[in-house]
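> just the structure for this:
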Amino acid sequence: METFNTTIFPRGEKASSEYFSGGTAWVQIIKPNENQRNCQIGNVTFEPGCRNNWHSHGGGQILIVTAGKGFYQEKGKPVQVLHPGDVVTILPEVIHWHGALRTVGSPILQSIPIPRMEWLNGWSLHRMSTITTYQSNI
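Below is the predicted model:
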């Protein structure tokens, strides 16, 4: 089995299971949202089979796959398979999920633009329901 910790960034802290299913994810904030830059950059490492719940971001999100293989899906659209070097641009308020294949983990570098209003009021993630194996086709 391919290893899932082959990234240049530290694996980070174990993420809360309320945001992920199918395994464990680790989050390392590389650039916190500070200095009125309205952007946070983090590295999320998904162990094989791990995925996050349906969610959206008020300012959108950019995913960059740094290693492994993963999945991305917008609500109502087919699942996309992600490979190292793939970049996914997610528009504001688009409901989506992302995660790793069952057999290969996937570190994903993510940039989350924070809209000015959310930055002033404290950043928030719009969490939704967990996904099922049937919904994600994995």
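> excluding its backbone neighbours, what's nearest residue 60?
Distances taken as CB to CB, 6 or more residues apart in numbering place residue 92 nearest to residue 60, at 4.4 Å, with adjacent residues excluded. No exception for glycine: its C-beta is placed from N, CA and C like everyone else's.
> can you say which helix or strand has that neighbour in it?
Counting by DSSP states H and E, no helix or strand carries residue 92.
> gap between it and residue 56?
Plainly put, residue 92 is 8 Å away from residue 56 if you go by CB to CB, to the nearest Å.
> surely residue 54 meets residue 94?
No: look at residue 54 against residue 94 with CB atoms under 8 Å: they stay out of range, at 10.6 Å.
> overlap in contacts, these two.
Common contacts of residue 54 and residue 94, defined by CB atoms under 8 Å, 6 or more residues apart in numbering, comprise residue 75.
> looking at those two, which is more packed in?
residue 54 (18 against 15; other CB atoms under 10 Å).
> give me the buried positions along stretch 42-61.
Neighbour-count burial for stretch 42-61 flags 42-61 (criterion: 16 or more other CB atoms under 10 Å).
> stretch 27-42 too?
In stretch 27-42, counting by 16+ other CB under 10 Å, buried: 27, 28, 33, 38, 39, 40, 41, 42.
> restricted to helices, list these.
Within the buried residues of stretch 27-42, no residue falls in helices by DSSP state H.
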